[in-house]
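*Asks:* Quick one, structure for this:
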Amino acid sequence: MPMPPRRPLLIRVALLGVASVAAALVSPPASADPVEPIKVALLSVNDFHGEIADPTTVQFAGTIEKQRALYGENSTLVLSAGDNFKADEGDQNPQSLHFVPSFDVLNALDVRASAVGNHEFHNWYGALKTTIPAAADFPLLSANILKDDIPQFSAYEIFDVAGLEVAVIGATTRDTVLDPRVTVCGLTFTDPVDAVNATAADLAGLPDPPDVIVAVLHEGAQGVGLNNDKTRVGNATSADVDVVFGGHTHEKVMLQGTVPGEPGKTRPVMVAEEHGKSVSEVLLTIDPKTKDVLSFTMSHVDRVSDSSESLIATYPRVAQVDAIVQDALANPPGTTNEAVGFC
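*Replies:* Now for the predicted structure:
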C-alpha cells in the first residue's frame, strides 16, 4: 500500500508555527517585578538648649550619624522642634553671640529645618528676625506667629528625601507669651494645631501636593497646656499630616496618635528629651505608586555612650562637631556691636 503524502503534515506544522508567533505577539507581557516600598527615616531633636559640652555634644552628634548611616544619606531627614539654644542674660547691645555654637553644631549635622521655640525669643524679637536666623543654615518655621495678621515666619519647607517630596510644617507654643523674659512686640500666637492644620490643607490642595507631610511643633504632645494645646497636638492634628514631632516639655512621648476622621488609623506622635539626651526617630514605609504610608515604626534613640575618639574617627560630621565644641569651650562666643532693637 503506498504511503500517504507528507505535505499536509508540513503545512499543519507551519500553520501551528504561525499561530504560535501570533499568540506571542498578542499575549500580555510578563508582569514586571514589584517595586520595593520606599523607606524614609525622620530624626527629630528638641530642646537642644545650647548643649556645648565635652563629651556629650560629640555623643549626641554620634547618635545622629549612627542612625543616618543605618538608613542612608538620601533617605534620612534631620529636624529640630525648637529651643535650639538657651536663654541669654546679657544686655541688648552689644548682643551676645552665645547662640552661634549651637547653630554651628546643628548646621554640621545637616539639620534641615527647625520650629521656632520660645527660647528663640529670649534674645528679643529683633535678633530673632536678623542675627539668629543668619547663624542657621536651615529655615526657622512657624505657622502661628503673626503681626498685624501677617505671618512672621515661613510656615513650611519642602525637601527631597528618597525621591519623595516631604513637607515640614513648623509651629510655636502659645506658652511663649507667659514667659516674663519675652517681649511680645505686638505678636499674636494663634492656636498652633489650627495653624498646622490650615497649612496642611493648603499643601494637600496644591496641584502637585507633597508626598509626605510632617508637623514639627515646639509644643508638648500630652499633658495640660494653654487651651489644652498639648492634648490637641496628639489627637487633633489634621489627617493630612503623617508624622507629628513635638518639644518644649523635655519628656519622652511616643504615642500611636489618632487620626481625625479615620477610625482605627494611627500615626507617630513623638517628643524627645532635652540636651540631645535622646532623639525621636520615625521610619516610614511608603508605597512608591500611591505614596501612601504603608506602615511606620518609632523609637527614642538614647544618646550613645561611645568614646569621643571612636566617634570622631568614624564619622566626619562628628569630627566637625568636636572641633566646634573645643573652639567654643576655649573661646567662648563674644558679642556683636551691630545694633539690634528688641522689636
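*Asks:* Give me the nearest residue to residue 109, chain neighbours excluded.
*Replies:* residue 64 (5.2 Å; Cβ to Cβ, 6 or more residues apart in numbering). Backbone N, C-alpha and C define where each C-beta goes, glycine included.
*Asks:* Contacts only, for the one you found.
*Replies:* Neighbour list for residue 64: 43, 45, 78, 109, 279, 317 [criterion: Cβ atoms under 8 Å, 6 or more residues apart in numbering].
*Asks:* Among these, which lie within strands?
*Replies:* Under the assignment DSSP state E, the contacts of residue 64 contribute 43, 45, 78, 279 to strands.
*Asks:* Tell me the confidence at the residue lying closest to the first one once chain neighbours are set aside?
*Replies:* The one in question is residue 43. Excluding its sequence neighbours, the residue lying closest to residue 43 (Cβ to Cβ, 6+ apart) is residue 78, at 4.8 Å. We have a pLDDT of 99 for residue 78.
*Asks:* Was I right to think residue 78 contacts residue 111?
*Replies:* Yes - with contact defined as Cβ atoms under 8 Å, residue 78 reaches residue 111; the gap is 5.0 Å.
*Asks:* Would you pull up how far stretch 60-74 lies from the middle of the chain?
*Replies:* 14 Å (Cα atoms, centre = their mean, to the nearest Å).
*Asks:* Check stretch 38-54 too.
*Replies:* Using Cα atoms, centre = their mean, the offset of stretch 38-54 from its chain centre is 9 Å.
*Asks:* now swap in stretch 143-151 and tell me
*Replies:* Mean-position distance between stretch 143-151 and its chain equals 23 Å (Cα atoms, centre = their mean).
*Asks:* can you check stretch 107-124 too?
*Replies:* 13 Å.
*Asks:* what pLDDT, on average, does that stretch get?
*Replies:* 94.
*Asks:* then it to CSV, C-alphas only?
*Replies:* Taking C-alpha atoms only, stretch 107-124 is exported to CSV below (Å, rounded to 0.1, in the frame of the first residue of the first chain):
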residue,chain,number,x,y,z
ASN,A,107,24.5,73.0,60.8
ALA,A,108,27.3,70.5,60.9
LEU,A,109,24.8,67.7,61.4
ASP,A,110,22.8,68.9,58.4
VAL,A,111,19.6,69.7,60.3
ARG,A,112,17.3,70.7,57.5
ALA,A,113,14.6,72.7,59.4
SER,A,114,13.5,73.8,62.8
ALA,A,115,10.4,75.0,64.5
VAL,A,116,10.7,78.4,66.3
GLY,A,117,10.8,77.7,70.1
ASN,A,118,10.0,80.0,73.0
HIS,A,119,13.7,80.3,73.9
GLU,A,120,14.4,81.7,70.5
PHE,A,121,12.6,84.8,71.8
HIS,A,122,14.9,85.3,74.8
ASN,A,123,17.4,87.3,72.7
TRP,A,124,14.4,89.6,71.8
